[in-house]
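Visitor: need the 3D shape of this:
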Amino acid sequence: MNLEENKKKLFHQDSSNKIKGMKFKNKLFVCIVLFSFFGVAQEVQLKKANTNYEQFQYVDAIKTYEKVAAKGYKSVELFSKLGDSYYFQSNLKEANRWYEQLFALKENVNSEYYFRYAQTLKAVGKYEKADLMMSEFNKLNSSDLRAILANEQVNYLEEIKKNSGRYRVQNAGINSAYSDYGTSFYKNTLVFTSARDTGGVFVKKHNWTNQSYTNLYGALITDNGNLSEPVKFSKKIDSKYHESTPVFTNDGMTMYFTRNNFLNGKKGRDSEKTILLKVYKATKNGDTWENITELPFNSDEYSCAHPALSPDEKTLYFSSNMPGTKGLSDIFKVAILENGNFGTPVNLGDKINTEARETFPFISNKNELYFASDGHPGLGGLDVFITQLNEDGTHGKIKNVGEPVNSNADDFAFIMDTATKNGFFSSNRQRDNLGFDDIYKCTETIPVPKDCQQALTGLITDGETQLPIEGVKVVLYDANYVKMDEVRSDKEGKFDFGSVDCENKFRIRTELKEYSPNEIAVFTPKISGTTDTKISLTPLLQPLKVGRDLRRTLGIEIIYFDLNKATIRPDATVELAKILEVMKQFPDMEIDVRSHTDSRQTAKYNLNLSERRVKATIQWLVENGIEAKRLTGRGYGESQLVNHCEDGVKCTEEEHQANRRSEFIITKL
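Guide: Sure, this is the predicted structure:
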């Protein structure tokens with residue numbers, strides 16, 4: 001299997017003359033034959049290209065597909081596979097050209113192409129159109145994590161801008177005309193992956209990329225931080241297939257690295273006859289790397305690649321598409337046991353992993369996880385992200401490290417020496433690019449700001465008894481009413497949303513059948529800590545008491561009005577009849593009718609409308625036997641909304657409906 005695929009893992013004429021007629025027939029016959037010949041030839045070419053595509057031989061597939069396209073042939077299959085052939089080689093700009101023609105056909109396409117097209121649009125700088133494609137993708141895949149993240153982070157470019165400008169970047173000076181990527185620190189040497197041709201009688205090339213298979217190279221890091229001329233790292237590690245992305249223990253005696261499924265001269269294939277990737281371990285004996293063994297969680301049926309070690313060397317991180325993977329590749333961790341064995345791999349979860357690619361993990365000495373992803377909102381292709389790993393297994397906010405490390409191309413395989421503030425990353429960007437992927441040196445000049453987190457907790461009580469309420473549905477929204485989380489209150493009435501960002505506005509909404517819904521706004525402070533809230537709920541069924549809403553006391557439905565109308569609806573008369581009966585049972589009871597509107601129309605109009613609704617309600621009660629002196633009323637217009645549907649806020653009809661209501665407050669018993 002190709003490592004690059006893994007990282008960034010398809011007719012009228014006059015017939016009066018007989019001689020002319022014969023010539024015409026002959027010409028027509030020739031045209032038919034030629035047309036049939038070209039049609040058959042085209043089918044043969046497409047069949048050949050599809051075979052190349054299915055075997056991941058994208059270079060050959062592209063040549064044939066483009067020949068067919070040049071003859072004017074158009075189809076969803078042709079343009080999608082042409083775009084995919086470039087996309088899977090991380091040539092997003094060329095992929096964009098063909099995806100653009102795919103969407104120009106205006107035919108139904110798989111929803112995944114909206115995501116891929118959006119990625120390629122970013123690669124050519126068309127971020128607004130990319131966001132539109134992601135919006136369409138969200139409509140088709142609202143439960144997809146990529147869609148959720150795009151919907152939650154609509155201002156992602158602004159956030160990326162805040163984190164940009166923190167690194168100084170330059171070409172590492174060791175790149176070739178071929179693919180160079182995937183660096184690791186080994187003592188005073190930078191070890192990296194390269195497809196460069198270093199000579200030899202016979203050079204085997206990979207038919208997916210038309211480049212040599214990759215090997216490991218090393219370059220000494222000089223006192224001034226520059227790199228010496230690269231040399232092959234280890235003949236013992238080299239095989240006739242790919243090797244890449246090593247990581248070393250601090251004592252320099254153990255190495256974990258990626259290789260195709262090949263060991264002791266034997267290659268392994270999956271059920272589709274493809275040679276996948278595995279993580280191997282080697283130990284050093286003198287100057288030689290030996291005892292090459294594959295790790296026990298590998299399989300012939302899925303890939304494992306790009307190992308990384310935790311600072312205490314007790315945990316190995318890697319990327320894989322093993323069972324339980326959310327997307328094309330996820331990041332996993334596995335415990336390294338004292339006896340040299342390994343635990344069971346654990347997926348890092350859907351806060352980090354998406355349906356796209358999460359790959360190339362690296363753990364700094366400060367226990368920061370850097371990884372590459374094209375599922376989290378970024379500048380295009382793979383971007384580098386960072387998050388703080390906590391001792392309890394959780395992690396902090398995921399941040400895009402910004403420009404200039406990230407670009408609209410693939411940026412990945414980030415490593416950093418926290419002592420010197422010097423690191424390296426890989427990219428296929430155009431700047432100073434010698435060919436395919438190149439390695440860049442980066443120096444941290446301004447640290448990425450530490451997470452400021454607030455633990456958001458709360459307590460829910462009964463407004464009458466002040467006792468805690470269990471089982472309340474508690475929903476957390478951001479300031480734009482994008483849903484972030486949902487929990488239930490426990491036996492003690494408590495709820496916990498975990499950590500949220502500092503200096504932010506949130507909304508908490510509560511729901512329980514026996515109580516009126518409630519919603520509060522919460523503002524988190526500038527410093528880390530705990531934001532604890534107390535929410536009091538009003539029971540729907542309450543004893544008769546002055547000051548209470550008779551409707552809530554009786555537990556009857558809200559009496560609603562239609563938009564812009566003050567007439568009593570048929571469904572409202574049923575509920576008003578219940579109020580009528582209670583007032584007849586308690587002849588000394590007096591009530592104050594209060595009417596409310598939604599925020600549409602002007603405040604003055606709504607105030608007048610609510611007054612008309614009060615009069616209509618009182619009139620109905622009087623007409624049905626209640627003395628007018630027992631009834632008072634007032635219209636409040638839009639001044640007392642029960643939800644967030646203020647002027648200019650987009651709301652559903654049901655949300656507006658909740659504000660068009662009447663209340664019946666007991667003023668005397």
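
Visitor: which regions of the chain sit below the pLDDT cut-off?
Guide: For the chain, the stretches with pLDDT under 70 are 1-42, 198-211, 431-435, 449-450, 541-542, 555-567, 569, 571.

Visitor: domains of it?
Guide: Taking automatic domain parsing as the domain assignment, the record places the domains of the chain at 3-163, 167-444, 453-537, 550-668.

Visitor: for this structure, which segments count as helices?
Guide: Along the chain, the stretches classed as helices by DSSP state H are 3-7, 18-54, 58-70, 76-87, 92-104, 112-123, 127-140, 145-152, 156-163, 550-554, 570-585, 603-623, 653-657.

Visitor: among those, show me which one is buried the most.
Guide: The highest mean neighbour count among the helices of the chain, using mean count of other CB atoms under 10 Å, belongs to helix 3-7: a mean of 26. C-beta: built from backbone N, CA, C; applies to glycine.

Visitor: can you list the domains of the chain in TSV and add distance to P543?
Guide: Written out in TSV, the entries for the domains of the chain read as follows (distance: least, CB to CB, whole Å):
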stretch	distance to P543
domain 3-163	44
domain 167-444	46
domain 453-537	9
domain 550-668	7
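
Visitor: and of those domains, who's closest to L544?
Guide: When the domains of the chain are ranked by distance to L544, counting by CB to CB, first place goes to domain 550-668 at 5.8 Å.

Visitor: can you give me the end-to-end distance of the closest one?
Guide: With CA to CA, to the nearest Å as the measure, the ends of domain 550-668 fall 12 Å from one another.

Visitor: circling back to that earlier point, could you dump the helices of the chain into a markdown table and include distance to L369?
Guide: What follows is the helices of the chain, written out as a markdown table (distance: least, CB to CB, whole Å):
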| stretch | distance to L369 |
| --- | --- |
| helix 3-7 | 17 |
| helix 18-54 | 35 |
| helix 58-70 | 31 |
| helix 76-87 | 27 |
| helix 92-104 | 25 |
| helix 112-123 | 23 |
| helix 127-140 | 25 |
| helix 145-152 | 17 |
| helix 156-163 | 16 |
| helix 550-554 | 51 |
| helix 570-585 | 56 |
| helix 603-623 | 51 |
| helix 653-657 | 40 |
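
Visitor: of the ones you listed, which approaches Y280 most closely?
Guide: The closest approach between Y280 and any of those, judged by CB to CB, belongs to helix 3-7 at 13.8 Å.

Visitor: that older thread, nearest to I352 among the helices of the chain would be which one?
Guide: helix 145-152 (10.0 Å).

Visitor: contact partners for the residue most central in space within the chain?
Guide: Here the mean C-alpha position of the chain is nearest to the C-alpha of R146 (CA atoms, centre = their mean), at a distance of 2.9 Å. If you count contacts by CB atoms under 8 Å, 6 or more residues apart in numbering, R146 has them with 115, 134, 137, 354-356, 375.

Visitor: next: T193.
Guide: Taking CB under 8 Å, 6+ apart as the test, what T193 contacts is 3, 179-182, 214-217, 243-245.

Visitor: re the thing from before, so which of the domains of the chain is the most surrounded?
Guide: Counting by mean count of other CB under 10 Å, domain 167-444 has the highest mean neighbour count of the domains of the chain, with a mean of 19.

Visitor: endpoints of that domain, how far apart?
Guide: Here domain 167-444 reaches across 5 Å from its first residue to its last, counting by CA to CA.

Visitor: distance from that domain to the middle of the chain?
Guide: With CA atoms, centre = their mean, to the nearest Å as the basis, domain 167-444 stands 22 Å off its chain's centre.

Visitor: same thing with stretch 584-595?
Guide: When C-alpha coordinates are averaged (CA atoms, centre = their mean), stretch 584-595 and its chain have centres 55 Å apart.

Visitor: start to end distance for it?
Guide: Across its full length, stretch 584-595 reaches 22 Å end to end, with CA to CA as the criterion.

Visitor: for it, give me every contacting residue.
Guide: The list of residues contacting stretch 584-595 from outside it, by CB under 8 Å, 6+ apart, reads 544, 550, 561, 579, 582-583, 610-611, 613-614, 617-618, 625-626, 630-636, 661-669.

Visitor: returning to what we had before: let me know the closest of the contacts of R146 to D238.
Guide: The shortest approach to D238 among those belongs to A356, at 31.9 Å (CB to CB).

Visitor: ok, the closest one - contacts?
Guide: Shown here is A356, whose contacts under the criterion CB under 8 Å, 6+ apart are 115, 146, 327-328, 373-375.

Visitor: do that again at 7 Å, thanks
Guide: By CB atoms under 7 Å, 6 or more residues apart in numbering, the contact set of A356 is 146, 327-328, 373-375.

Visitor: for N260, same thing?
Guide: Residues near N260 by CB under 7 Å, 6+ apart: 1, 241-242, 275, 277.

Visitor: and the residue nearest to the centre of the chain, how far from R168?
Guide: Separation of R146 from R168 (CB to CB, to the nearest Å) stands at 31 Å.

Visitor: how about Y481?
Guide: In this view, Y481 and R168 are 40 Å apart by CB to CB.

Visitor: for T283, same thing?
Guide: T283 is 37 Å from R168, where distance means CB to CB.

Visitor: what of A305?
Guide: Taking CB to CB as the measure, A305 falls 30 Å from R168.

Visitor: ok, N50 next?
Guide: When N50 is compared with R168 (using CB to CB), they lie 47 Å apart.

Visitor: circling back to that earlier point, tabulate the contacts of R146 in CSV, adding columns for distance to G498.
Guide: Shown next, in CSV, are the contacts of R146 (distance: CB to CB, whole Å):
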residue, distance to G498
F115, 28
M134, 26
F137, 28
T354, 19
E355, 23
A356, 24
G375, 21
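
Visitor: can you say which of the helices of the chain is nearest to Q453?
Guide: Counting by CB to CB, Q453 lies closest to helix 156-163 out of the helices of the chain; the figure is 16.1 Å.

Visitor: which residues sit in contact with the closest residue to L92 other than its chain neighbours?
Guide: Nearest residue to L92, sequence neighbours excluded (CB to CB, 6 or more residues apart in numbering): A123, at 3.6 Å. With contacts defined as CB under 7 Å, 6+ apart, the neighbours of A123 are 92-93, 96, 380-381, 408-409.

Visitor: okay if I get those as CSV plus distance to E470?
Guide: Below are the contacts of A123 laid out as CSV (distance: CB to CB, whole Å):
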residue, distance to E470
L92, 52
K93, 56
N96, 54
G380, 48
G381, 48
N408, 51
A409, 52
